[in-house]
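**Student:** Below are the sequence and a predicted model; questions follow.
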Amino acid sequence: MTTSGISGISNLNPVSAAASAIEDTGGNEKEAKSFAEFLNDAINRTNDLLLQSQQINDDFAAGKTDNIHDVMIASEKADIALQFTMQIRNKILDAYTEIMRMQI
């Protein structure tokens with residue numbers, strides 16, 4: 001009996017959020033975004049998802065669309081993005097309080 005190892009793990013793509021943190025400056029050199037820019041972009045994307053969900057919900061309530069699947073998918077995307085953003089905020093606040101407790 002022969003066994004084969006796990007294959008395909010090296011073929012995983014990098015996380016899209018981390019990959020989008022590097023922007024092309026026009027040439028071959030790349031410049032990394034600052035943490036504040038990265039965080040601001042993530043908050044803006046979360047806000048866009050929330051606004052899109054609200055618009056789809058309003059359209060559904062007004063009878064402009066009858067596709068409940070799109071309404072639920074947009075709502076869940078917005079909910080997950082908001083939960084993720086809140087967890088990042090909590091981790092940042094925990095790190096800040098830990099730094100402030102350090103004695104110099």
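**Tutor:** That came through fine. Residues are numbered from 1 along each chain as shown.
**Student:** mind listing the helices for the protein?
**Tutor:** Ranges of helices within the chain are 16-19, 35-62, 68-101, based on DSSP state H.
**Student:** and these, which is most packed in?
**Tutor:** helix 35-62 (a mean of 14; mean count of other Cβ atoms under 10 Å). Where you see a C-beta, it was placed from the backbone N, CA and C, and this is true even at glycine.
**Student:** now the angle between helix 68-101 and that helix, please.
**Tutor:** On the basis of axes from the mean of the first three to the mean of the last three Cα atoms, to 10 degrees, helix 35-62 is oriented at 150 degrees to helix 68-101.
**Student:** separation between the closest residue to residue 85 other than its chain neighbours and residue 102?
**Tutor:** Spatially, and ignoring its direct neighbours in sequence, residue 85 is nearest to residue 46 (4.8 Å; Cβ to Cβ, 6 or more residues apart in numbering). Distance of residue 46 to residue 102, given as Cβ to Cβ, to the nearest Å: 31 Å.
**Student:** how about JSON lines for the helices of the chain, with mean pLDDT added?
**Tutor:** Listed next are the helices of the chain as JSON lines, based on pLDDT from 0 to 100:
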{"stretch": "helix 16-19", "mean pLDDT": "48"}
{"stretch": "helix 35-62", "mean pLDDT": "93"}
{"stretch": "helix 68-101", "mean pLDDT": "94"}
